[in-house]
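Trainee: how would this look folded up:
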Amino acid sequence: MKSLDIQQQLLIILMEECAELQQECSKLLRKNSLKDLSKLSDEIGDVYAMIHLLQEFDLISFSTLEKREEIKREKLTLWSDIFDGRTINSQKGNKNSLLWDENAL
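Mentor: As a prediction, the model looks like this:
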């Protein structure tokens with residue numbers, strides 16, 4: 001079996017870290033509680049580290065990511081209620097939300 005080059009290793013580890021982040025999000029939803037977000041922060045930090053490594057190895061650029069972030073935020077203003085114009089809507093106290101616990105925010 002041929003050994004993996006650096007780019008392949010970076011992409012595989014990124015995929016693994018994204019899968020771990022997905023799993024943690026799923027667990028929080030299944031538990032129906034956002035009281036303990038430490039594991040979520042850990043998993044996001046791992047993905048964040050991989051994003052930085054991808055940039056260091058010239059697989060991505062932060063300027064391209066920033067442009068894409070703007071596009072995504074614009075889409076979210078159309079397709080979600082996360083944003084109300086430029087103000088983030090607070091879910092605290094929203095009786096329709098099963099996830100938010102007043103003490104968690």
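
Trainee: So what does the most centrally placed residue in the chain have for phi and psi?
Mentor: With distances taken as C-alpha atoms, centre = their mean, I44 lies nearest the centre of the chain, 6.0 Å away. Here is the backbone geometry of I44 (degrees, to the nearest 10): phi -60, psi -40.

Trainee: what is the mean pLDDT for stretch 41-59?
Mentor: For stretch 41-59, mean pLDDT is 98.

Trainee: Pull the residues that contact that stretch.
Mentor: When contacts are defined by C-beta atoms under 8 Å, 6 or more residues apart in numbering, stretch 41-59 is touched by residues 6-7, 10-11, 13-14, 17-18, 20-21, 23-24, 60-62, 65. Bear in mind the C-beta positions are built from the backbone N, C-alpha and C, glycine included.

Trainee: Might you calculate how far that stretch sits from the centre of the chain?
Mentor: Centroid displacement of stretch 41-59 relative to its chain, using C-alpha atoms, centre = their mean, to the nearest Å, is 11 Å.

Trainee: Can you name every helix or strand that the host helix or strand of L78 contacts?
Mentor: Using DSSP states H and E, the element containing L78 is helix 62-79. Helices and strands touching helix 62-79, by 3 or more C-beta pairs under 8 Å, 6 or more residues apart in numbering; DSSP states H and E, are strand 83-84.
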